[in-house]
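K.L.:
Provided below are the primary sequence and the corresponding predicted coordinates.
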Amino acid sequence: MTRPIVAITIGRGNYARMFSQAAWDELDSFAEIRHHESPDPADHEALLGLLTEADACITSWGVAQLDAELIESSPNLRAMAHMGSSVKRFVSDAFWERGIHLTSSGVMLARDVAETTLGMMIVGRKRIIPLSQHLREGGWRDSPAWDRWDARELTRSTVGIIGASNVGRHVISLLDSFEVEILVYDPYLSDDEAAEMGVTKVELAELLPRCHTVSLHCPSMESTYHIIDAGALASMRDDALLINTARGDLIDESALITELSKGRFFAFLDVSDPEPPALDSPLRSLDNVVLTPHTAGCIENCTRMGELAVDELRRFFAGEPAVYEITHAMFNRIA
């Protein structure tokens, strides 16, 4: 029986980061592997040669889009397994017209983002970063700064999740042991799903003033652009913690700077708009915001994504259902 040809498009320089030996062994057990020999992800020209005979491909950040020319020149291509947070940039109308099977390993990346988010919740509620700076400057618990940055607990607080995405749902599962009340805003979440998850589905206008912590996990699209605007920010609690590990344009950054300048609440921002923030942006100097350089997801070890991508292709060629298939109909509500 002829084995399917699977093209690895991500460049050899990314192999150690994305694939474990277990992934290579599994892929070798059912497929003939074709490599893009460059250390960098395949561009359009490289894909034209690499995908000519391929039955499937594995893609990730930096790989060129599978446009109409590539689809036409790849007559055998039937499946694509993507490793990354979003598949939107990598596929085209021609991709869907061919009916190519598409899966994403983003569910694994979501775990890393969710774990980072949980860390931000704990550190943010405890005010660890400003209190550490306060201590460096000679302060202690009996000084005025303690009143401003008083340490609080995540346990038994109220947490607001905006977007019951893969990341949002994993954050909810990680919060299980903290006895928190969880409010969720997501127009695509049904009441039954919310009940099954043990959360309360509410409108955004109710969530914001009630929550001690507000965490963003929705995709960037027209309906979510500046979903956190000046009015939303003004409605938040004075002692709130705002976390964004999703996309920078979910928040009206000008309005955020205005509100943060009042010192009412604290923010952890892993993303910004623009990205990175301008060198003269007040976000770089305000003492009630922590910026990280879009590092909430996996950085050094993303091998869980590689293992899932390989397993998804094994499932496809074995006629088994996918773990996480992406369909054209889903595009309006994914990142």
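P.N.:
Now that the structure is in, tell me what you want to look at.
K.L.:
buried residues in stretch 77-96?
P.N.:
77-87, 90-92, 94-95 (16 or more other CB atoms under 10 Å). Yep, even glycine has a C-beta here, placed from its N, CA and C like the rest.
K.L.:
Of those, which pair is most distant in space?
P.N.:
The distance between the two most remote of the buried residues of stretch 77-96 (CB to CB) is 24.0 Å, for Arg78 and Ser85.
K.L.:
just the buried residues of stretch 77-96: which has the poorest pLDDT?
P.N.:
Among the buried residues of stretch 77-96, Ser85 carries the weakest pLDDT, at 80.
K.L.:
element containing the closest residue to Arg304 other than its chain neighbours, please.
P.N.:
Residue nearest to Arg304 in three dimensions, not counting chain neighbours: Met108, with 4.1 Å by CB to CB, 6 or more residues apart in numbering. Per DSSP states H and E, Met108 falls inside helix 106-125.
K.L.:
Against which helices or strands is that helix packed?
P.N.:
helix 166-174, strand 213-216, strand 241-244, strand 266-269, helix 303-318 (3 or more CB pairs under 8 Å, 6 or more residues apart in numbering; DSSP states H and E).
K.L.:
I'd like to know which of the ones you listed is closest to Asp287.
P.N.:
With respect to Asp287, and counting by CB to CB, the nearest of the helices and strands packed on helix 106-125 is strand 266-269 at 9.4 Å.
K.L.:
Listing partners with orientation, what would you give for the helix or strand just after that closest one?
P.N.:
Downstream of strand 266-269, the next assigned helix or strand under DSSP H and E is strand 289-291. Within its sheet, strand 289-291 is paired with strand 266-269 (parallel), according to DSSP bridges.
K.L.:
Check the offset of the strand it pairs with from the chain's centre.
P.N.:
17 Å (CA atoms, centre = their mean, to the nearest Å).
K.L.:
Count the neighbours of the closest residue to Ala151 other than its chain neighbours for me.
P.N.:
Spatial nearest neighbour of Ala151, chain neighbours left out: Lys126 (4.8 Å); criterion: CB to CB, 6+ apart. Residues lying near Lys126 (other CB atoms under 10 Å) number 15.
K.L.:
Test my guess that Lys126 contacts Asp150.
P.N.:
No - counting by CB atoms under 8 Å, Lys126 does not reach Asp150; the two are 9.8 Å apart.
K.L.:
picking that back up, what's the mean pLDDT across the helix holding Met108?
P.N.:
Rounded mean pLDDT across helix 106-125 is 95.
K.L.:
buried residues in it?
P.N.:
106-118, 120-121, 123-125.
K.L.:
so how far does stretch 33-47 reach from one end to the other?
P.N.:
15 Å (CA to CA, to the nearest Å).
K.L.:
Any stretches of this structure with poor pLDDT?
P.N.:
In the predicted model of the chain, residues 1, 145-147, 332-335 satisfy pLDDT under 70.
K.L.:
mind listing the helices for it?
P.N.:
With DSSP state H applied, the chain shows helices at 15-18, 21-30, 44-50, 68-72, 93-98, 106-125, 128-136, 144-148, 166-174, 191-197, 204-210, 230-234, 253-260, 303-318, listed in chain order.
K.L.:
Can you lay out those helices as JSON lines showing distance to Cys57?
P.N.:
Below are these laid out as JSON lines (distance: least, CB to CB, whole Å):
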{"stretch": "helix 15-18", "distance to Cys57": "14"}
{"stretch": "helix 21-30", "distance to Cys57": "12"}
{"stretch": "helix 44-50", "distance to Cys57": "8"}
{"stretch": "helix 68-72", "distance to Cys57": "10"}
{"stretch": "helix 93-98", "distance to Cys57": "11"}
{"stretch": "helix 106-125", "distance to Cys57": "17"}
{"stretch": "helix 128-136", "distance to Cys57": "42"}
{"stretch": "helix 144-148", "distance to Cys57": "53"}
{"stretch": "helix 166-174", "distance to Cys57": "22"}
{"stretch": "helix 191-197", "distance to Cys57": "33"}
{"stretch": "helix 204-210", "distance to Cys57": "39"}
{"stretch": "helix 230-234", "distance to Cys57": "41"}
{"stretch": "helix 253-260", "distance to Cys57": "37"}
{"stretch": "helix 303-318", "distance to Cys57": "9"}
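K.L.:
Out of those, flag the one nearest Arg284.
P.N.:
Among the helices of the chain, helix 253-260 comes nearest to Arg284, with 10.6 Å by CB to CB.
K.L.:
so how far is Phe317 from Phe30?
P.N.:
Note on Phe30: its distance to Phe317, by CB to CB, to the nearest Å, is 6 Å.
K.L.:
which neighbours do the two share?
P.N.:
Shared contacts of Phe30 and Phe317, defined by CB atoms under 8 Å, 6 or more residues apart in numbering, comprise Pro4.
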